[in-house]
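1. give me a model of this one.
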Amino acid sequence: MNGTNLAPPLDPGRFAERAEESFTLPASWYHDPEIWRLEHGAIFHKTWWYQGHVRDLPNRGDYITGQVVDQNVIIMRGQDDVIRAFHNVCSHRAHPLLEGAGNRKLITCPYHQWCYGTDGKFRQARGRESLRGWIPDNADLKPVRLEDYGGFLFVNMDPDAIPLIEQAPQFLADMKEACPGFDDLVRAERWEIDIAANWKTVIDNNHECYHCDVNHKTLMELVDYDNKATWSDDGITFSHKVEKKQLDNGAYALKPEEVEQEALFGYIWPVHIPLMYPGTPHLAMFQVIPTGPETTRERWDFYFTSPEPTELERRFIDYIKNVLVKEDVGLCEGVQKGLHSLGYQQGRFVVDRDHPEFSEHHVHFFQKMVLDSLRGA
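-> Got it, this is the predicted structure:
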């Protein structure tokens with residue numbers, strides 16, 4: 001498209017560089033199919049996306065499959081013990097190669113049985129002689145950038161992307177400091193839920209606690225937000241530490257000896273919200289997965305130091321799934337409907353950086369990254 005055609009959807013209205021003076025992004029940016037299309041190349045295909053953990057691939061030949069919105073990937077431990085990522089597509093006629101997770105000594109396409117090694121190298125195909133001049137440089141699986149970020153596996157469609165550890169070194173250090181068993185974490189459960197809201201609506205909601213006193217009463221019994229959060233901003237991430245408030249609370253009750261970590265709530269651009277709550281060592285990797293202009297899938301991976309959650313850890317999971325997420329889903333879906341109203345175009349941010357319990361400056365932080373990315377495209 002030419003610059004003339006791009007101008008209308010990229011007009012940010014009265015959005016400003018400083019949150020204190022800024023209006024929010026225009027409401028149309030949360031449902032306009034053209035904005036959704038532009039986000040693929042400008043954001044989704046240029047950023048780091050969590051897929052799993054190194055402990056998902058303990059043996060040679062183990063693999064997991066995943067997605068970056070519209071792109072399918074394979075992550076596999078090769079016979080040489082190296083973990084690699086590839087586009088999940090056959091070099092011959094574009095059929096997907098693998099589904100789910102498992103173990104393979106070779107990767108064989110189910111369509112025409114083209115065969116690849118666990119290192120992605122082309123091995124064999126019937127009739128290969130007719131493609132003698134094409135195969136050497138074209139038949140191998142196409143690699144995808146992969147990074148081990150403290151044991152968590154992230155991929156990036158951009159081969160020239162800056163390594164995640166260079167973009168977010170402080171947040172990884174914050175997580176390791178907050179969780180005494182960080183290096184022993186293993187995924188115990190994955191849970192997903194679909195939401196009728198744009199992915200940015202969900203991120204906006206999770207970047208402020210202005211709504212928490214009224215809408216998350218049990219959470220406010222569990223953690224003490226009242227001017228006691230400690231913030232840490234680091235490039236494409238931010239985090240805040242919050243102390244527990246009441247052991248006997250409406251979220252999940254705690255005994256003194258069960259509090260081995262305090263709360264650390266974080267964010268990794270563009271869609272990752274790693275969360276640690278008071279209790280035993282754990283991490284909930286909350287991922288906001290865009291599925292359409294007005295639909296999103298929330299994925300929650302629950303990590304503990306054992307694949308079998310304790311009774312306390314099970315109560316924590318149940319609280320997230322049955323209380324906290326449901327409260328936010330209703331809010332996000334309500335906002336998404338309101339964004340279509342003729343009575344709303346752009347709102348404002350409530351900003352008081354000394355009172356993070358209600359300040360919305362990190363919503364502006366996120367929206368500015370969206371705007372900068374679309375402009376850069």
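2. give me every residue that touches Val89.
-> Asn72, His95, Pro96, Leu97, Lys142 (Cβ atoms under 8 Å, 6 or more residues apart in numbering). Just so you know, the C-beta spots here come from the backbone N, C-alpha and C atoms, and that holds for glycine as well.
3. er, Ala168 actually
-> Tyr149, Asp234, Gly235, Ile236, Thr237, Ile268.
4. next, format those residues as CSV and append distance to Gly347.
-> As requested, those are exported to CSV (distance: Cβ to Cβ, whole Å):
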residue, distance to Gly347
Tyr149, 34
Asp234, 27
Gly235, 27
Ile236, 24
Thr237, 25
Ile268, 25
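5. which of those ranks first by neighbour count?
-> Ile268 (28 neighbours; other Cβ atoms under 10 Å).
6. contacting residues for the nearest residue to it once chain neighbours are set aside?
-> Spatial nearest neighbour of Ile268, chain neighbours left out: Thr237 (5.0 Å); criterion: Cβ to Cβ, 6 or more residues apart in numbering. Thr237 makes contact with Gln167, Ala168, Gln170, Phe171, Gly266, Tyr267, Ile268, Trp269, according to Cβ under 8 Å, 6+ apart.
7. helices of this protein, start to end?
-> 3-6, 33-42, 135-138, 164-167, 169-178, 199-206, 212-215, 217-222, 311-319, 325-338, 361-376 (DSSP state H).
8. dump the fourth one to CSV, keeping only the CA atoms.
-> In other words, helix 164-167. Output of helix 164-167 as CSV, limited to C-alpha atoms (Å, rounded to 0.1, in the frame of the first residue of the first chain):
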residue,chain,number,x,y,z
LEU,A,164,16.0,-10.8,24.1
ILE,A,165,18.5,-11.0,26.9
GLU,A,166,20.1,-7.8,25.5
GLN,A,167,16.7,-6.1,25.4
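9. buried ones in that helix?
-> The neighbour-count check on helix 164-167 (16 or more other Cβ atoms under 10 Å) flags Leu164, Gln167 as buried.
10. which elements pack onto that helix?
-> strand 143-149 (3 or more Cβ pairs under 8 Å, 6 or more residues apart in numbering; DSSP states H and E).
11. elements contacting the strand it packs on?
-> strand 83-87, strand 152-156, helix 164-167.
12. mind giving me the domain split of the chain?
-> 49-156, 165-376 (automatic domain parsing).
13. could you dump those domains to TSV with distance to Gly13 and mean pLDDT?
-> Output for the domains of the chain, formatted as TSV (distance: least, Cβ to Cβ, whole Å; pLDDT from 0 to 100):
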stretch	distance to Gly13	mean pLDDT
domain 49-156	26	97
domain 165-376	5	95
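14. would you mind giving those domains as CSV with distance to Glu17 added?
-> Putting these into CSV (distance: least, Cβ to Cβ, whole Å) gives the following:
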stretch, distance to Glu17
domain 49-156, 27
domain 165-376, 7
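15. do you know which of the ones you listed lies nearest Thr24?
-> Thr24 lies closest to domain 165-376 among those, at 4.5 Å (Cβ to Cβ).
16. end-to-end on the closest one?
-> By Cα to Cα, to the nearest Å, the extent of domain 165-376 from end to end equals 22 Å.
17. dump the residue contacts of Asp56.
-> Asp62, Ile64, Ala101, Leu153, Arg187.
18. report the buried members of the residues you listed.
-> For the contacts of Asp56, buried by 16+ other Cβ under 10 Å: Asp62, Ile64, Leu153, Arg187.
19. quick one: the strands in the stretch 201-350 of the chain, in order.
-> Here the stretch 201-350 of the chain has its strands, by DSSP state E, counting those that start in this stretch, at 223-224, 230-234, 237-244, 263-268, 272-276, 282-292, 295-304.
20. neighbouring strands for the fourth one, and are they parallel or not?
-> Listed by DSSP bridges, the sheet partners of strand 263-268 and their directions read strand 237-244 (antiparallel), strand 272-276 (antiparallel).
21. check which residues of the first one are buried.
-> What that stands for is strand 237-244. Buried-residue list, strand 237-244, by 16+ other Cβ under 10 Å: Thr237, Phe238, Ser239, His240, Lys241, Val242, Lys244.
22. next: stretch 136-144.
-> Buried, per 16+ other Cβ under 10 Å, within stretch 136-144: Ala139, Asp140, Leu141, Val144.
23. with stretch 305-322 instead?
-> Those would be Thr305, Pro309, Thr310, Leu312, Glu313, Phe316, Ile317, Tyr319, Ile320, for stretch 305-322 by 16+ other Cβ under 10 Å.
24. mind putting the contacts of Thr237 into JSON lines with distance to Asp352?
-> Formatted as JSON lines, the contacts of Thr237 follow (distance: Cβ to Cβ, whole Å):
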{"residue": "Gln167", "distance to Asp352": "28"}
{"residue": "Ala168", "distance to Asp352": "26"}
{"residue": "Gln170", "distance to Asp352": "24"}
{"residue": "Phe171", "distance to Asp352": "24"}
{"residue": "Gly266", "distance to Asp352": "21"}
{"residue": "Tyr267", "distance to Asp352": "19"}
{"residue": "Ile268", "distance to Asp352": "25"}
{"residue": "Trp269", "distance to Asp352": "23"}
